[in-house]
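# Return atomic coordinates for the entry below.
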Amino acid sequence: MSSAALSTVAPDSPELADTAAAWRSAYVHIPFCRRRCPYCDFAVVTPEEGGTAPTVDRYVAAVAAEIAGAEPWRPLDAVNFGGGTPSSTAPGDITRLIRALRDRFGLAGAAEVSLEANPEDWSDEIGAAYLDGGVTRVTLGVQSLDDGVLGSLGRVHVGEQAVSAVASARRSGVPSVGIDLMYGAPGESLDSWRATVTKALALGVDHVSAYALTVEPGTALASAVTAGAPGPDPDDQADKYELFDALAAGAGLIRYEVSNWARPGHVCRYNLSTWAQGEYAAFGLGAHGHRGGRRTRNARVLDVYLDRVESASSPQVAVEEVAGWSREQERLMVGLRRAAGVVAGWGGEILAGSEEGKRLIAAGVLELRAGRLVVSRPLLTDEVVRAVLALKEPQGGGRAWLSLSPRDC
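Residues are numbered from 1 along each chain as shown. Got it, this is the predicted structure:
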């Protein structure tokens, strides 16, 4: 699909969903954050945990070295800087890593280079620097525009900072500006959520990811809920999801994945590729990659990662061979998250013919459209995924993580 076609095709187009499987991407993890949000279970390093300026410099040098030592590949169609908080580092650090990727692999002519940023980090000057360094897409972690809700989520910024950051990104000339929103925080009313969504959509953003607050094991939020604090209410979250979907559609945004809406030409290419089982290299702390039928995982402990790279050793601590039935199950699980669904294939035929598959089809949750399986009720996607996981393997095979390290990484 040409660049011109990409700019006009509907985000939920089956052709676009399938084309993404051929894209090649890279994920770069920047773990540093000013503080750890109570709901976060990502590989994050705060200043109190050693994320000081000298460590940041050492880390950026290590990631650049990891990229330089990667196996050759074809030019990249998409790059995603995630975290952590990529915007917590200087724009020059991101520019250095983009240059390293370009030197090692090359970037396709219309490659997407996406960066996650926090509103409190943003300014006109910083936006211009990112743009000059090669960033083409920015996602701002807004989460809410209600200051009380932001406080309950442990966020540093306030709502007006988020509004200003979006306007600044526009002034800076960033080609694609998106935001993340989160619903279901304790104390967030439906009216508060409606106000956040209405104001956020009025900003004219190109892309919105809307996620339900989840309680992840080992987080501060999990500890609080275990101790008796109120947790997210599934019915409340379902109501807020449906409200957002309706308001987003009214604003011209099209849902192309369970939690993602975009205008034509503004899908996240990196994410669309991963949902299509596309291949991607991964660099940095705890980063997961997928190349040549193998999924890899880097060390998640900062000192382990740095020591391995600086000693010219691979930071990968585990590899997963994905083939046969396990690959087919995975294709269905990630593909069914898309509004375009997934080509049924042999795994889809097994699903549709299973007792649970028949029940889901009869209930109108799962549909077969022109040879594709589509989840028509996105709130029940997890139920469909569980049905895929429960399918019996038709013949031998399987998958297992192979440890590459004797230590806890």
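
# The lengthiest strand in the chain pairs with which strands, and in what direction?
Ranked by residue count, the top strand of the chain under DSSP state E comes out as strand 107-117. On the basis of DSSP bridges, the sheet neighbours of strand 107-117 come out as strand 76-83 (parallel), strand 137-143 (parallel).

# Turn these into CSV, columns for distance to T52 and mean neighbour count.
Every residue, glycine included, has its C-beta placed from N, CA and C. Putting the strands paired with strand 107-117 into CSV (distance: least, Cβ to Cβ, whole Å; neighbours: other Cβ atoms under 10 Å) gives the following:
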stretch, distance to T52, mean neighbour count
strand 76-83, 17, 25
strand 137-143, 22, 26
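
# Redo those as a markdown table? Include distance to F244 and mean pLDDT.
Compiled in a markdown table, the strands paired with strand 107-117 are given as follows (distance: least, Cβ to Cβ, whole Å; pLDDT from 0 to 100):
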| stretch | distance to F244 | mean pLDDT |
| --- | --- | --- |
| strand 76-83 | 22 | 97 |
| strand 137-143 | 13 | 98 |
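
# Which one of those strands lies nearest to A62?
Nearest to A62 among the strands paired with strand 107-117 is strand 76-83 (15.3 Å), distances taken as Cβ to Cβ.

# can you list contacts of whichever helix or strand comes after the closest one?
Later in the chain than strand 76-83, the nearest helix or strand by DSSP states H and E is helix 91-104. In this structure, residues lying in contact with helix 91-104 by Cβ atoms under 8 Å, 6 or more residues apart in numbering are 26, 28, 30, 56, 60, 63-64, 67-68, 70, 72, 76, 79, 81, 86, 107, 113, 115, 126, 129-130, 132-135, 283.

# ok and helix 91-104 relative to strand 76-83, angle-wise?
For helix 91-104 and strand 76-83, the angle between their directions (axes from the mean of the first three to the mean of the last three Cα atoms, to 10 degrees) works out to 150 degrees.

# What residues sit buried inside helix 91-104?
Buried residues in helix 91-104, defined by neighbour count with 16 or more other Cβ atoms under 10 Å: P91, D93, I94, T95, R96, L97, I98, A100, L101, R102, R104.

# Find me the pLDDT at the second one, would you?
Model confidence at D93, expressed as pLDDT, equals 97.

# And E330, by the same measure?
You'll see E330 listed with a pLDDT of 96.

# Surely it is in contact with A323?
No. Using Cβ atoms under 8 Å, E330 makes no contact with A323, being 10.2 Å away.

# Tell me which of those two has more neighbours.
In terms of neighbours (other Cβ atoms under 10 Å), E330 is the more surrounded of E330 and A323; the figures are 17 against 12.

# Assign a three-state SS to that one, would you?
In the three-state summary, E330 is assigned as helix, counting by DSSP: H, G, I helix; E, B strand; the rest coil.

# contacting residues around it?
When the contact criterion is Cβ under 8 Å, 6+ apart, the partners of E330 are Q277, V322.

# Need the contact partners of the helix or strand containing M182.
M182 belongs to strand 176-183 when elements are defined using DSSP H and E. Taking contacts as Cβ under 8 Å, 6+ apart, the residues outside strand 176-183 that touch it are 112, 116, 136-144, 153, 162, 166, 169-170, 193, 196-197, 200, 203, 205-213, 237, 240-241, 244, 262, 265-266, 268.

# Narrow the residues you listed to those that are buried.
Counted by 16+ other Cβ under 10 Å, the contacts of strand 176-183 give 112, 116, 136-144, 153, 162, 166, 169, 193, 196-197, 200, 203, 205-213, 237, 240-241, 244, 262, 265-266, 268 as buried.

# Domain parsing of this structure, as residue ranges.
The chain resolves into domains spanning 3-275, 328-390 when parsed by automatic domain parsing.

# Ok, which of the ones you listed comes nearest D303?
D303 lies closest, by Cβ to Cβ, to one member of the domains of the chain: domain 3-275, at 8.2 Å.

# Indicate each strand paired with the strand holding M182 and its parallel or antiparallel sense.
strand 137-143 (parallel), strand 207-212 (parallel).

# Out of the ones you listed, flag the one nearest L16.
Nearest to L16, of all the strands paired with strand 176-183, is strand 207-212, at 14.3 Å by Cβ to Cβ.

# Now do the buried residues in the following helix or strand past that closest one.
Helices and strands here follow DSSP H and E; after strand 207-212, the next one along the chain is helix 220-226. Neighbour counts using 16+ other Cβ under 10 Å place L221, A222, A224 of helix 220-226 among the buried residues.
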